[in-house]
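1. I'll drop the sequence and a predicted model, then ask my questions.
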Number of protein chains: 2
Amino acid sequence: MDITEKIAGIRAEMAKEELAAYIVSNTDPHNNELVAPRWRSRQWLSGVKGSAGTVVVTADWCGLWTDSRYYDAAEEALKGTGIELMRASDFDVPTIEEWIKSNLAEGSVIGFFGGDVNVEQGKKWAKSLEPAGYPINSDHDLVDRVWKDRPAEPAGELFLVPEEYAGKSITAKIALVRAELKKLKIDAHLLGRTDESCWLFNFRGTDTPELTTPYCYTLITPDEVRFFIDPAKLTDKAREIFAEASVKLEPYSAVSDAMKALPKTTKLLTVPAHTNLNLGKAAAHCIEIPGKAVVTHIKGVKNATEIKHTKEALLQDGVAMTKFFAWFYRTLDEGGEISELMVSRKLREFRSERPGFRHNSFEAIVGYAAHAALNHYSVDEDSDLKLERENVLLIDSGGNYLQGTTDTTRVIPLGEPTQEQKDDYTVVLRGFIDLMSAIFAEGATGAQLDAICRHNMWKVGRNFKHGTGHGVGFGLEVHEGPQNISARNTEKFVLGQLSTIEPGCYRSGKHGIRIENMVHTILHDENEFGRFFKFENMTWCPINVDLVEPSLLAQEHLDWLNEYNAGVIEKLSPHLEDNEVTWLTRECRPVKA
Amino acid sequence: MDITEKIAGIRAEMAKEELAAYIVSNTDPHNNELVAPRWRSRQWLSGVKGSAGTVVVTADWCGLWTDSRYYDAAEEALKGTGIELMRASDFDVPTIEEWIKSNLAEGSVIGFFGGDVNVEQGKKWAKSLEPAGYPINSDHDLVDRVWKDRPAEPAGELFLVPEEYAGKSITAKIALVRAELKKLKIDAHLLGRTDESCWLFNFRGTDTPELTTPYCYTLITPDEVRFFIDPAKLTDKAREIFAEASVKLEPYSAVSDAMKALPKTTKLLTVPAHTNLNLGKAAAHCIEIPGKAVVTHIKGVKNATEIKHTKEALLQDGVAMTKFFAWFYRTLDEGGEISELMVSRKLREFRSERPGFRHNSFEAIVGYAAHAALNHYSVDEDSDLKLERENVLLIDSGGNYLQGTTDTTRVIPLGEPTQEQKDDYTVVLRGFIDLMSAIFAEGATGAQLDAICRHNMWKVGRNFKHGTGHGVGFGLEVHEGPQNISARNTEKFVLGQLSTIEPGCYRSGKHGIRIENMVHTILHDENEFGRFFKFENMTWCPINVDLVEPSLLAQEHLDWLNEYNAGVIEKLSPHLEDNEVTWLTRECRPVKA
């Protein structure tokens, strides 16, 4: 079935249901970031991969909205499909709702499937379209009708995390959540994000290599904890542990009836972004308590054990990266051939040798030269490039270890760098150091921290179209809330959170730069003006200095860089072979003004 | 009637209506920032002045929530009233809703008056309280029943602004608004903020000296423009101009019936923050179109004529300030006595001599020594302090001229400054210059700009608890949206907006520092990374250099300061007497590292 046939199939089903447009995203019932193959509906329909992207099909038109990270990749993938690329990050491109209002007649019915679309998104579309005369119909799963060989739901067994790694027992976590619900006068809370259940019950998923969290729900009340999951995923040991913590086990599919059976007087907290529309409807009779995702906020603050182990994971990850780099340059110097795909595989190999490694924390981004400017480029057999002794290589990768989740980006030169490459690299490095070494008042928001990183980049006419950083889970998702460092994020940073800092600079057709570490929010000082926080660096991985243009850095940046790289040598050397130490020592040599 | 009697009166009325709590704010039917005396209900009830503050009365308790700007003033005013001060900016103080849920029994009915509370606020209270078991009753105006000598609604005549100052005719503005409504498929838009009608029809109010905008509404549709205002405010000339622009005049009180009479199919835009609950109810049968305040956004982008005239207003304002400063130091040097109140009056006198001056754009903040640390201190006969030859004086003031609205803050030393005063002043000045000279990418938000100002302040453990800046109207309100420079503002800055930049540093019981200029967002550059904006300085008023500690500034800050003060001398001198030029030249002397 090619893309044209799939679109024709959707159109035939639209005609049956009298829908003028049908919206297809890659979202699963939990609005997880990483979705199992079964729910990659947009990818199936359009051929466009990546985390963001929404297709709108009408009787005579089809378009895919995606953000600037995916422009180049989507343009390539859409060639010949007849699907128009809608560049959603551009200032003059209409939103899906605006496009519908401008292009379809009033009275047209707009469809999407409420089982895959979360309440927040569904309400946003409805609020914009229905008053303007475009009724919504969210009842039909047209993709399911047309997708004949659709993959089954995954069924991997739970992986149980020992308490010595989790730092807190299941019972203690349940008590923490209940105390918060009691404070907020909430009778019941549905945990819609699957990683919330993983955190609460100290387990991980094994559904697919990169799916950290299995499909499941938890409903927590003052008296009960009900865990909805496919029984096939439960080992005897798991059943024993859940029984000890008085957690009731129920089939995954029973959650909808459980919501329907809640008493009308239930003060219920469901998080609109984490709950699909159909489940929202099942609970529509309850009293909706608006509020923040309680578990997301508790989970975001890491305990001391989680921090200690994440440091260990990042140390092991730095060792793996350094062993890879040493192998990489040795191989090239000996005349060996290396491609992007080989880099990705070799990196995984080095990581898998480190203690506690479970799987990659996300699909590695290995971008050579112009490929690195494709923001979330994902290498495959078709796109794979052989590396030459020129330009730069960007590697954004991480591991999911028993000890924690890692996420690191480095850029290295393959030949003599050009002045433009050095300037771009140094401007990014300067912004990176500005935020790594920032001090900020309690209450500072992600948007404020974002500007500390960009301020000096803007001064020299550089900018990048992605966020500056994101929260990171403990052995869970590599992107985790509540905090986020970006232009419109108003969440306050609090002590104990783990985040990334990852500014970039991308020249289409030329090269891409990004430098990324993980940081831990800690207390800096307290005085009559309040408390001040700072970031503790967590990542130890060499920052290349051949690409540094010292004249673009102030002395404080040079000092930071030299101290950091000295720390890398000190931390990693005990775990390396002699030839690797030799490589690392040269790579991390001090830079002078 | 003293405060205890007033509270008792409210409680008696609460008992009649079976209300367990009653909420009283200083809000008028339009949610204007400056409200006529008639609507200063919280001030009447509690004695606490200032723009922010909400009283909650229960049968046996009374509390006033206010933010950190008003802590000290409120604490003073509440002494002996039995009203508890709730410090709303502090991290551990419950919100009004949280307090109610913790302290009142479920089932308690919470009251406030829907004619004075806007839809956004009313819905926020209802959304939090009703699901938790606290029904809302917004029908009763209890303040009106108890406040026997309540002032009447103001009735000043309209002041018409010639088109050569407004830069655009009424007809052209109506066409602009209609084009935007058409694009958004909106049938009718109610202008709830009174300054929106002022802008649209090129008039100002004369209700009270500081009330720039009279109470009125405008309802705009593709076919009609209906203007609701007290007919007593309309001169013959005004009637003529409205007739020319085909604007229908109707009594102010007719707006509610006009909303009720709209057809059910009307796609209506009302801005929840600008519309009171009662009016919202009157239009509840229409199709609500959610969206931004269309006129606020159009009005926020100043036209070239408005910018040209605002520059002229700020020049005249700088002349008035400089004449004042020269008089001030001469008087002190001659052994004269000056108090805060005298400063305020004398400043107004100097401003009133400038061409185009109409009235102060807000009540001047003149704070000497510890008074300046009371963030929005307002001097009166009781608080008035005589100035000594020590410490510093903070003056935050502005004029409303035919040519535009001004807002300037300066701090000057009255004796030999202490090192702490110099350090605080210089840290504020550095943050001020950081943002005055910033370059930022198109799309940058208020929260991001805020951090550019605070970044270097945070580094040295300073912070201030108010926003860094706000939009400014053209001859209208001194605080105007949509943009705002503060931690949680996600509005994008666009070309043509006028804003303030005003960081501060306050040491309770000692001194307060704030430096404030107005700026205009202009284009800096455009390259492959997008467009970059910067601020054009609009204010010319000496920045004192005796308080500068040069070792805390980088060379780029010193260069900015010296260039700025040289500009002040150049711009203002032609309008000054010789002795004033002599004073200004010394005040603005270059600072060396």
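-> Ah, there it is. All values reported here derive from a predicted model rather than from experimental measurement.
2. can you tell me the helix or strand for the residue in the stretch 451-593 of chain A that chain B sits nearest to?
-> Closest to chain B within the stretch 451-593 of chain A is A:Ala451: 3.6 Å, counting by C-beta to the nearest C-beta. (Glycine included, C-beta is placed from N, CA and C.) A:Ala451 belongs to helix A:446-459 when assigned by DSSP states H and E.
3. who does that helix touch, helix- and strand-wise?
-> helix A:419-436, strand A:439-441, strand A:469-471, strand A:480-485, strand B:439-441, helix B:446-459 (3 or more C-beta pairs under 8 Å, 6 or more residues apart in numbering or on different chains; DSSP states H and E).
4. shaky segments in chain A?
-> A:208-210, A:375-376 (pLDDT under 70).
5. center of it, which residue is that?
-> Central residue of chain A (C-alpha atoms, centre = their mean): A:His479, 3.4 Å from the mean position.
6. quick revisit: list the contacts of the residue of the stretch 451-593 of chain A closest to chain B.
-> Shown in contact with A:Ala451 (C-beta atoms under 8 Å, 6 or more residues apart in numbering or on different chains): B:444, B:447-452, B:455.
7. how about the helices and strands packed on helix A:446-459, which one is nearest A:Ala593?
-> With C-beta to C-beta, the closest approach to A:Ala593 among these belongs to helix A:419-436: 12.4 Å.
8. List the buried residues of the closest one.
-> A:421-436 (16 or more other C-beta atoms under 10 Å in any protein chain shown).
9. ditto for stretch A:189-196
-> So stretch A:189-196, judged by 16+ other C-beta under 10 Å, has buried residues A:189-196.
10. give me the number of residues near A:Pro413?
-> 18 (other C-beta atoms under 10 Å in any protein chain shown).
11. where does stretch A:438-457 sit relative to the chain's centre, distance-wise?
-> Here stretch A:438-457 is found 21 Å from its chain centre; the criterion is C-alpha atoms, centre = their mean, to the nearest Å.
12. Quick one: end-to-end length of that stretch, please.
-> 15 Å (C-alpha to C-alpha, to the nearest Å).
13. Show me the residue of the stretch 251-400 of chain A that gets nearest to chain B, please.
-> Closest point on the stretch 251-400 of chain A to chain B, by C-beta to the nearest C-beta, is A:Ile287, at 4.4 Å.
14. Who are the packing partners of the top strand by length along chain A?
-> Assignment by DSSP state E gives strand A:517-527 as the longest strand of chain A. Under the contact criterion of 3+ C-beta pairs under 8 Å, 6+ apart, strand A:517-527 touches helix A:304-333, helix A:419-436, strand A:498-501, strand A:530-537.
15. Sheet partners, orientation included, of it?
-> Using DSSP bridges, the strands paired with strand A:517-527 in its sheet are strand A:498-501 (antiparallel), strand A:530-537 (antiparallel).
16. if we compare those, which one ends up closest to A:Thr235?
-> Closest among the strands paired with strand A:517-527, once you apply C-beta to C-beta, is strand A:498-501, at 29.1 Å.
17. Residues contacting the closest one from elsewhere in the structure, which ones?
-> A:302, A:307, A:310, A:407, A:432, A:435-436, A:453, A:468-474, A:483, A:485, A:493, A:516-521, A:535, A:538.
18. How about that strand, which residues are buried there?
-> A:498-501.
19. re earlier: what angle separates the helix holding A:Ala451 from helix B:419-436?
-> Following axes from the mean of the first three to the mean of the last three C-alpha atoms, to 10 degrees, one obtains 70 degrees for the angle between helix A:446-459 and helix B:419-436.
20. quick check, distance from helix A:446-459 to the centre of its chain.
-> 21 Å.
21. Repeat that for stretch A:322-338.
-> For stretch A:322-338, the distance to the chain centre is 30 Å (C-alpha atoms, centre = their mean).
22. ok, which residues in the stretch 351-500 of chain A are in contact with chain B?
-> A:438-445, A:447-452, A:454-455, A:458-459, A:461-464, A:487-488, A:490 (C-beta under 8 Å from any C-beta of the partner chain).
23. what's the domain layout of chain A?
-> With automatic domain parsing as the criterion, the domains of chain A are listed as A:3-146, A:159-300, A:304-578.
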